[in-house]
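>>> Provide a 3D model corresponding to the input given below.
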Amino acid sequence: MQLPSVPTSRAWNVAIAAPLAVCALWSLLLRPELVSLAAPPLGPWAGYLYGHHDCTLAAQSQAASIAGAVLGGLLLVAYARVRSRTARVSLSLVLVLWSCAWATAAALSVLNTTS
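Sure thing, here's the model as predicted:
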């Protein structure tokens, strides 16, 4: 019996990008504007795209939003620099979780602009 192989780098990249793509589609459904496609990279600041500066998730939770942005940046730098396969898989898993949280923050921020 053989153990399953470790997913390839391409599979991890797709897993990291998938929540952001789903968030972009969600944002486009909520706010059918071209600018909605830029919501996922902005995360909790996505409401700024629509002129809602007070309603964004970042305005309600500034420390958590900044911490999430810094964590994401550090994870991306570490992911680009690490060479060990074990460390790369671990970082990929953490990046997938971060991507889900970041996309959720963006989706909630866009949802908050519809009210």
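
>>> residue contacts, Ala21?
Pro40 (Cβ atoms under 8 Å, 6 or more residues apart in numbering). C-beta: built from backbone N, CA, C; applies to glycine.

>>> helix, strand or coil for it?
Under the three-state scheme (DSSP: H, G, I helix; E, B strand; the rest coil), Ala21 adopts helix.

>>> next one, pLDDT for the residue lying closest to His52 once chain neighbours are set aside please.
Computed as Cβ to Cβ, 6 or more residues apart in numbering, the closest residue to His52 that is not its neighbour in sequence is Thr113, at 4.5 Å. Note on Thr113: pLDDT of 85.

>>> flag every buried residue along the longest helix anywhere in the chain.
For the chain, the helix reaching the highest residue count under DSSP state H is reported as helix 85-112. Using 16 or more other Cβ atoms under 10 Å as the test for burial, helix 85-112 gives 88, 91-92, 95-96, 98-112.

>>> also stretch 65-76?
Ser65, Gly68, Ala69, Gly72, Leu75.

>>> distance of Met70 relative to Ala58?
Careful, residue 70 is Val; it's not Met. For Val70, the distance to Ala58 (Cβ to Cβ, to the nearest Å) stands at 13 Å.

>>> who touches whatever helix or strand Ala39 lives in?
Using DSSP states H and E, Ala39 sits in helix 39-42. For helix 39-42, the external contacting residues (Cβ under 8 Å, 6+ apart) are 20-21, 23-24, 27, 46, 48-49, 102-103, 106-107, 109-110.

>>> and that helix, how far from the chain's centre?
7 Å (Cα atoms, centre = their mean, to the nearest Å).

>>> does anything pack onto the worst-scoring helix or strand of the chain on mean pLDDT? Which helices or strands?
Sorting the helices and strands of the chain by mean pLDDT, DSSP states H and E puts helix 57-60 at the bottom, at a mean of 77. Helix 57-60 is packed against helix 85-112, with contacts defined by 3 or more Cβ pairs under 8 Å, 6 or more residues apart in numbering; DSSP states H and E.
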